[in-house]
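[1] got a predicted structure here, sequence first:
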Amino acid sequence: MLFNSQIFIYGFLPIVLAVYVLWGRRSIKQQRGNLAVVFLVLASLFFYGCWNVHYLALIVPLTVVNFYFGYLLSVTRSRWLLVFALGFNLLVLAYFKYAEFLTHNVLQPLGFGWDAGTVVLPLGISFFIFQIIAYLVDSYKGEVRDKRFWHFSLFVTFFPQLVAGPIVHHKDIIPQFDKVQMRSFLDNLTVGLTIFIFGLFKKVILADGVAEYSTPVFEAAAHGEVLGFADAWGAALAFTLQIYFDFSGYSDMAVGLARMFGIVLPLNFFSPYQAGSIVEFWRRWHMTLSCFLRDYLYIPLGGNRGGRWKQLRNLMVTMLLGGLWHGAAWTFVVWGALHGVYLVINHMWQRMFASSVAQVTGGARYLVRGGGWLVTFMAVVIAWVVFRADNLGVALHMLESMAGLHGVSVLQDGNPYFYGAAQVVFTGGLLLIVLFAPNSMTIMRSYRPALWTDAHKSVVGPFQWKPNLRWAFIVGGMAVAALISLNNPNEFLYFNF
C-alpha cells in the first residue's frame, strides 16, 4: 500500500485517522493513554502486512525479542548480552539483505557450494533494524527511560516512517506517545496534510515526471547501447533530481502523516543540492542516516580522535558501510567509497586552506562559494550515476559517455533519448527549484514541521505558509494535480533499500 496510491489516500488513511480520534478521546476520558498507542501499532502492522503478510512473521518476533533484549540490557548492563543482541539483529539484516551477494561474490568463488537461493527483502528492514540497534546500545548505556512494550512496539512499527524512514531515535519519538493530544487535532491535521501534499506533489509530478528522462537512458546503457555526451549528462542530471524529489517527497509525506497523529518526526532533507561542500551536503542529505552513522559507527570507531589519519580512516570505513547499507551490490560499495574519498579530500582541503579562504572578501568570496558548489554538485552527480547503474560496467559506460569518449551528441529531433524543449524546460525548472527555492520544511517553519528545524533559518514573505485562502489555492492545486495522476503509482526509490 503506497502512500501515493488511491487505496491509501481514500481508504486506509481516513479510516485510521477517524478511529484514532475516537479511540484517543475515549482513552482520555478513561485515562487509558495506551489505547490509542495500541491501535496505532495494530494499524501499522496491518499496513505492513498489506505489502506481504509474511513480513509480519519477521517484524512481530523482532519487536518482542528486542523489547526483552532492551529490558535485560538496561537491568544487567551486560556487554556480552549487548554483543549477542547486536549480532542477532545484524545477522537477520545480513541474511535478508546480503545472503545472495555473499553467496555469489564470496562463497562460490572460494569453492563453497552453498546457495542462498532467492531471498525476499522485507520492506524497511534496514531502517527499523538501525532504530532497534540504537535503542539496544542506549539501553546498555542506561539512557532508555521508557520501557513500556506498546510504546516500544510503536517506535519500531509506526507506519508513516516504517518502510523508508526517517530513521527515528527513541529519545525523540517515544516521549511523544505519552499523551494523546486531541485538542490540537485540527491544527495538526491542517499542517500535516499540507506537508503530505507537498511530498505527494514532489513524488507524483516532479520525481516521476523527470524519471522519464533518466530511466530510458540508463536502460539503454544496460543493454550496451552507445550514448552520446548530452544523452548521458541529461540522464545523470535527471536522476539526480529524481532521487531527491522522490526521497525527500517520501520524507515529507512521512512527516506530514505523523503530524496528523500529533507526532513530530525529525528533519531528513534540507536543500542538499545547495551545499557548498561535500561535508555540508551530508549535513543536508538523509540527515537521520547521517546522524545514526555518526553516533553509532563513526564516533565508536574513534571519530576525530587519535590524529588526522585515523579520522580519515574512520570516515572511509563509515561511508563504505553506509554505501553497503543501501544494498548488496558493488555499485553501492563504490558509491560509498566515492563519498568517503570526497569527504577525505574535503577535510584535507579545509585543514590546508580554510584560513586562506576565510580571508577572501567581496566578489571573490562569491566566486569561491560558487566554485565550491559547482565541484560539490558535479561530484554528487557522478556518484549518483554509479548508484543508479545496474552494475559497475553500466556505470563505467555512462561515465565514459559523460566524458565525451563516445562522441558528443547534438540535442535534436530524431534522437530517441531527447524529448525536445519539454525535457530542457522541465529539467531546467527543477534545477532552479532545488538551487534557489525554499524547501518544504522552510516554508512550514513557523509551525515546527519537524524536529531539528530550529537549527535552520526561516523564510519570510510570500514563501511562508499560513492557513489562508492564497495558500489554500496553491496547496489545493498541487493536490488536484497529484491526485489525478494516481492511476498507476510508482514505488519510491528507497523502498529497495
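    Arrived safely. Numbering: from 1, shown residues only.
[2] only C-alpha atoms from now on, for both contacts and neighbour counts.
    Fine.
[3] is it correct that F177 is in contact with V38?
    No. Using Cα atoms under 8 Å, F177 is not in contact with V38; the gap is 10.5 Å.
[4] per-residue confidence for G414?
    With respect to pLDDT, G414 has a value of 54.
[5] meant to ask about F261, not that
    93.
[6] in the stretch 101-250 of the chain, which spans are helices?
    With DSSP state H, counting those that start in this stretch, the ranges of helices along the stretch 101-250 of the chain come out as 125-140, 149-157, 170-173, 185-201, 208-211, 215-222, 229-260.
[7] go through those and pick out the most buried.
    Compared across the helices of the stretch 101-250 of the chain, helix 229-260 shows the largest average neighbour count, a mean of 26 (mean count of other Cα atoms under 10 Å).
[8] which neighbouring elements make contact with the helix or strand just after it?
    The element immediately downstream of helix 229-260 (helix or strand, assigned by DSSP states H and E) is helix 278-282. For helix 278-282, the elements it packs on are helix 330-358, judged by 3 or more Cα pairs under 8 Å, 6 or more residues apart in numbering; DSSP states H and E.
[9] which parts of the helix it packs on are buried?
    Buried residues in helix 330-358, counted by 16 or more other Cα atoms under 10 Å: 330-344, 346-347.
[10] now do it: which elements does it pack against?
    If you count contacts as 3+ Cα pairs under 8 Å, 6+ apart, helix 330-358 packs onto helix 278-282, helix 308-325, helix 363-388.
[11] what about 6 Å?
    Taking 3 or more Cα pairs under 6 Å, 6 or more residues apart in numbering; DSSP states H and E as contact, the helices and strands that helix 330-358 lies on are helix 308-325, helix 363-388.
[12] angle of that helix against helix 308-325?
    Compare the direction of helix 330-358 with that of helix 308-325 by axes from the mean of the first three to the mean of the last three Cα atoms, to 10 degrees and you get 140 degrees.
[13] so how far is helix 330-358 off the chain centroid?
    Put simply, helix 330-358 sits 22 Å off its chain's centre (Cα atoms, centre = their mean, to the nearest Å).
[14] ok, now stretch 242-259?
    How far stretch 242-259 lies from its chain's middle: 8 Å, per Cα atoms, centre = their mean.
[15] can you check stretch 7-17 too?
    Computed by Cα atoms, centre = their mean, the chain-centroid distance of stretch 7-17 equals 23 Å.
[16] what's the lowest-mean-pLDDT helix or strand in the chain packed up against?
    Least confident helix or strand, the chain: helix 13-29 with a mean of 80, by mean pLDDT, DSSP states H and E. Contacts defined by 3+ Cα pairs under 6 Å, 6+ apart place helix 13-29 against helix 34-51.
[17] relative to N496, how far out is the residue lying closest to A383 once chain neighbours are set aside?
    Closest residue to A383 in three dimensions, ignoring its sequence neighbours and counting by Cα to Cα, 6 or more residues apart in numbering: W335, at 5.7 Å. For W335, the distance to N496 (Cα to Cα, to the nearest Å) stands at 16 Å.
[18] and for G249?
    The value you get for G249 to N496, if Cα to Cα is used, is 16 Å.
[19] can you tell me the average pLDDT over stretch 292-309?
    Mean predicted confidence for stretch 292-309 is 88.
[20] how about that stretch: buried residues?
    For stretch 292-309, the buried set under the neighbour-count rule, 16+ other Cα under 10 Å, comprises 292-294, 297-299, 301, 303-304.
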